[in-house]
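S.K.: sequence isn't available, so here's the structure alone:
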């Protein structure tokens, strides 16, 4: 028998420092859900929590419905289970195979499925309950009034087993995450006693979420065969660091640029720009003294210089080298 772990006590306000997941009481008290496994109920709670980031980043379809990305690998990690159990938990919640608390819509082309998390209370027309409607409404209001969700993807993934799709909302039709609403806290804004553990965890979650978004944007899992994980990870970490930075101004290539412009440029980068940056780096490697500064400058300028670069190369190929 394993020796029990010794845990310390909570003192004073220490008990208030953590962020918690909340599970709807109805999943345990409503007769409709009595056959759901405890794992499926916990997974539904995690998916409800994930919607907070979707709302922050405007992940809505054309009908205004919120959707999330929660891959099988996310389930395996959060639930600490094997693939067979992860698939079973999804099936329990699924609209086609299970109780209908979630609806999965496949995107095709290697993209992860969108997941629509359905209301656990349901409509009067489609559901009947032993509880009075007033009690169901009260539970729904309790859930909506709970603390803002803060979960996020953790590690690199692929297709339905990993990647998160890029942001593409009916509000702005962009393909990158809306960083204006990311809760990145500059150190100067923390309390004198330092950031609480929950604030640190929140920031880590959001940085991880941003990292996954960048990987999706650049087609990480397609480029990895060509450039290798080590080179690509260096690029991803550099972009993540810049996008999540709280500094108001960046100095790039001798110029100064506001934070939001740097984020906008970096989050518009796709696989073609990454290929262009690596090509430029390989050509200029002997002359590069500060690789980090060079890469940041190349990434920042790639969206506006790439076309001219390739046009010049095409002209050289067609017309021969310049005298």
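M.R.: That came through, no problem. Predicted, not measured: the structure shown is a model, and the values here were computed from it.
S.K.: contacts only, for residue 252.
M.R.: By C-beta atoms under 8 Å, 6 or more residues apart in numbering, the contact set of residue 252 is 262, 296, 297, 300. To be clear about C-beta, it is placed using only N, CA and C from the backbone, and glycine gets the same treatment.
S.K.: how near is it to residue 113?
M.R.: Separation of residue 252 from residue 113 (C-beta to C-beta, to the nearest Å): 37 Å.
S.K.: what sits against residue 299?
M.R.: 235, 238, 239, 265, 266, 269, 273, 277.
S.K.: wait, a helix at it?
M.R.: Yes. Using DSSP: H, G, I helix; E, B strand; the rest coil, the assignment for residue 299 is a helix.
S.K.: now it: how far from residue 32?
M.R.: Taken as C-beta to C-beta, the span from residue 299 to residue 32 is 51 Å.
S.K.: and residue 53, by the same measure?
M.R.: Residue 53 is 28 Å from residue 32, by C-beta to C-beta.
S.K.: neighbour count for the two, which is higher?
M.R.: Ranked by neighbour count (other C-beta atoms under 10 Å), residue 53 and residue 32 place residue 53 first, with 24 against 16.
S.K.: from residue 208, how far off is the more buried one?
M.R.: Counting by C-beta to C-beta, the gap from residue 53 to residue 208 is 11 Å.
S.K.: quick one: least confident helix or strand in the chain?
M.R.: helix 133-144 (a mean of 41; mean pLDDT, DSSP states H and E).
S.K.: re the thing from before, pLDDT, distance to residue 245 and neighbour count added to the contacts of residue 252, as a markdown table?
M.R.: What follows is the contacts of residue 252, written out as a markdown table (pLDDT from 0 to 100; distance: C-beta to C-beta, whole Å; neighbours: other C-beta atoms under 10 Å):
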| residue | pLDDT | distance to residue 245 | neighbour count |
| --- | --- | --- | --- |
| 262 | 94 | 8 | 22 |
| 296 | 94 | 11 | 21 |
| 297 | 94 | 15 | 17 |
| 300 | 95 | 13 | 22 |
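S.K.: farthest-apart pair in these, please.
M.R.: Greatest spatial distance in the contacts of residue 252: 262 and 297, 11.0 Å, computed using C-beta to C-beta.
S.K.: could you tell me which residues within stretch 88-105 count as buried?
M.R.: Across stretch 88-105, burial judged by 16 or more other C-beta atoms under 10 Å covers 88, 89, 90, 92, 93, 94, 98, 99, 101, 102, 103, 104.
S.K.: what of stretch 66-78?
M.R.: 67, 68, 69, 70, 71, 72, 73, 74, 75, 76, 78.
S.K.: between those residues, which is closest to residue 28?
M.R.: residue 78 (19.5 Å).
S.K.: distance check, the closest one against residue 315.
M.R.: Applying C-beta to C-beta to residue 78 and residue 315 gives a distance of 53 Å.
S.K.: where does the protein have low pLDDT?
M.R.: Scanning the chain with the threshold set as pLDDT under 70 gives 1-3, 10-19, 122-203, 316-323.
S.K.: so what are the domain limits for it?
M.R.: Annotated domains of the chain cover 21-144, 187-319 [automatic domain parsing].
S.K.: possible to save the buried residues of stretch 88-105 as a markdown table with distance to residue 43 and secondary structure?
M.R.: As requested, the buried residues of stretch 88-105 are arranged in a markdown table below (distance: C-beta to C-beta, whole Å; DSSP: H, G, I helix; E, B strand; the rest coil):
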| residue | distance to residue 43 | secondary structure |
| --- | --- | --- |
| 88 | 10 | helix |
| 89 | 5 | helix |
| 90 | 8 | helix |
| 92 | 8 | helix |
| 93 | 7 | helix |
| 94 | 11 | strand |
| 98 | 11 | coil |
| 99 | 12 | coil |
| 101 | 9 | coil |
| 102 | 9 | strand |
| 103 | 15 | strand |
| 104 | 13 | strand |
